[in-house]
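Peer 1: Need the 3D shape of this:
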Amino acid sequence: MNAEIETKRFGLLHELLPQAKRFALLVNPNSPLAEFDIKDVQASAALIGSEIEILTASTSGEIDAAFASLVQKGANALLIGPDVFFTNRRVQLATLAVRHAMPAIYAFREFADAGGLMSYGTSITDRDRQVGVYAGRILKGEKPAELPVLRAAKFEFVINLQTAKMLGIDVPATLLARADEVIE
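Peer 2: You can find the predicted model right below:
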């Protein structure tokens, strides 16, 4: 589902900023999904005639350098790839995005809760609940190899209006209406 999710994130960011022509994607080069994320976002950007700049970071210092690079390269908006490394640095990422006046979309609601502009992705709470159910089934004697593979079933779209205001962005009513939660 990763391709569908990255394409959706890119679409939401483009809907927020329809005049934007230059986007950036920040990925962790150590992530096994980074290559797929890059291809998916490049394909989405090509469809609307936009440019996509790929930035990588696998340390906090590299995140700082990536944001400095965004400004130099004239990016209008940023997608943050879904990665545990980035989730653990969500406050740093959200703070840098506001400091550099860079509209960004993230993979998990925890980013919007930490001050990020928008997030769209699977619910970590729902995922953790599913893991607990699986663990319970295994502890009750079911064989792991016989359990069905589950895919994420709950997705969340969260918009942080406080951050939008700080960035001077008017969020279209169409996006607000589709949001699962709006942080005011």
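Peer 1: remind me which residues of this protein are low pLDDT?
Peer 2: Within the chain, the ranges that satisfy pLDDT under 70 run 1-3, 152.
Peer 1: again, only using 80
Peer 2: 1-4, 123-127, 150-153 (pLDDT under 80).
Peer 1: how near is the residue nearest the centre of it to residue 162?
Peer 2: In the chain, the centroid-proximal residue (CA atoms, centre = their mean) is residue 106; its distance is 2.2 Å. Distance from residue 106 to residue 162, counting by CB to CB, to the nearest Å: 15 Å. C-beta coordinates here come from the backbone N, C-alpha and C atoms, glycine included.
Peer 1: same deal with residue 30?
Peer 2: Counting by CB to CB, the gap from residue 30 to residue 162 is 32 Å.
Peer 1: higher neighbour count, those two?
Peer 2: Using other CB atoms under 10 Å, the more surrounded residue of residue 30 and residue 162 is residue 162, with 14 against 11.
Peer 1: Which strands or helices does whatever helix or strand that one lives in pack on?
Peer 2: Residue 162 is part of helix 161-167 when elements are defined by DSSP states H and E. With contacts defined as 3 or more CB pairs under 8 Å, 6 or more residues apart in numbering; DSSP states H and E, helix 161-167 has these neighbours: helix 90-99, strand 181-183.
Peer 1: could the ones you listed be laid out in CSV, adding distance to residue 66 and mean neighbour count?
Peer 2: Formatted as CSV, the helices and strands packed on helix 161-167 follow (distance: least, CB to CB, whole Å; neighbours: other CB atoms under 10 Å):
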stretch, distance to residue 66, mean neighbour count
helix 90-99, 9, 19
strand 181-183, 25, 15
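Peer 1: want to throw these into a markdown table with distance to residue 167?
Peer 2: Below are the helices and strands packed on helix 161-167 laid out as a markdown table (distance: least, CB to CB, whole Å):
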| stretch | distance to residue 167 |
| --- | --- |
| helix 90-99 | 7 |
| strand 181-183 | 14 |
